[in-house]
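Undergrad: I need the structure of the sequence given here:
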Amino acid sequence: MITALTDIQNELKRSGVKGRYTDPFNLHMTLAYIGEYGDTDKVIDVLEETDFEPFEITLKETGAFRDLIHCRCEENEELNHYVKLLRHRLAENDIPFDSKPFIPHITLVRRADFTPDALHETAHVSMFANRVSLMHSAQSKNGMVYTELACVYASDEDKNEEIWE
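TA: Okay, here's the model as predicted:
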């Protein structure tokens, strides 16, 4: 998936798109943006209590929200169900989050300078998501830096498989 996304970024560069490209190590899909919240342990508890089955994520096309270019993902019932459940549990625990509608996407370029013809269908590359991470984001002089604070696996089997990969 990372290779496919960086290939798309390279294609955008070749098409003349300027902007702040997301570092391959920072490519991610935000399920619920929490922002500044002081009780990390409470958020981790909610993640651990919100069960999920591994679900497939499939790339669909590049698109834009104003000056942000992203790779849109195909609609996915399991992903949408998990996000709805997670956001419900966050709200139940009085953890504030951005309540904008969930649109499954991965940000490729921020502050993009581009023409609409640079956006196109992508190869329908898929992967199974078997874990969810709580990330901390911080602005640096080189752009956003994301640090994983905790992750929750769909099952112990998924956790053990990843350790050996």
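Undergrad: Could you list the low-pLDDT ranges of this protein?
TA: 156-165 (pLDDT under 70).
Undergrad: in the chain, which spans are helices?
TA: 2-14, 40-49, 77-92, 156-164 (DSSP state H).
Undergrad: Quick check: which of these is nearest to residue 117?
TA: Of all these, it is helix 2-14 that lies closest to residue 117, at 11.5 Å by C-beta to C-beta. The C-beta positions use only the backbone N, C-alpha and C, and glycine is treated the same way.
Undergrad: and the helices of the chain as CSV, adding mean neighbour count and distance to residue 21?
TA: CSV is the format used below for the helices of the chain (neighbours: other C-beta atoms under 10 Å; distance: least, C-beta to C-beta, whole Å):
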stretch, mean neighbour count, distance to residue 21
helix 2-14, 15, 5
helix 40-49, 15, 29
helix 77-92, 15, 25
helix 156-164, 10, 27
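Undergrad: So for this protein, the centremost residue is which one?
TA: Nearest residue to the geometric centre of the chain (C-alpha atoms, centre = their mean): residue 29, 0.8 Å.
Undergrad: What about the nearest residue to that one once chain neighbours are set aside, how many residues nearby?
TA: With sequence-adjacent residues excluded and distances taken as C-beta to C-beta, 6 or more residues apart in numbering, residue 29 is closest to residue 106, at 5.4 Å. Using other C-beta atoms under 10 Å, the number of residues around residue 106 comes to 18.
Undergrad: So residue 106 is in contact with residue 69, correct?
TA: No - using C-beta atoms under 8 Å, residue 106 and residue 69 do not qualify as a contacting pair, with a distance of 10.3 Å.
Undergrad: quick one: common contacting residues for these two?
TA: In terms of C-beta atoms under 8 Å, 6 or more residues apart in numbering, residue 106 and residue 69 are not both contacted by any residue.
Undergrad: In TSV, list the helices of the chain along with distance to residue 115.
TA: What follows is those, written out as TSV (distance: least, C-beta to C-beta, whole Å):
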stretch	distance to residue 115
helix 2-14	11
helix 40-49	40
helix 77-92	31
helix 156-164	40
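Undergrad: looking at those helices, which is closest to residue 142?
TA: Comparing these by C-beta to C-beta, helix 2-14 comes nearest, at 15.7 Å.
Undergrad: Check which helices and strands that closest one is in contact with.
TA: The contact analysis (3 or more C-beta pairs under 8 Å, 6 or more residues apart in numbering; DSSP states H and E) places helix 2-14 against strand 18-21, strand 55-65, strand 68-73, strand 105-113.
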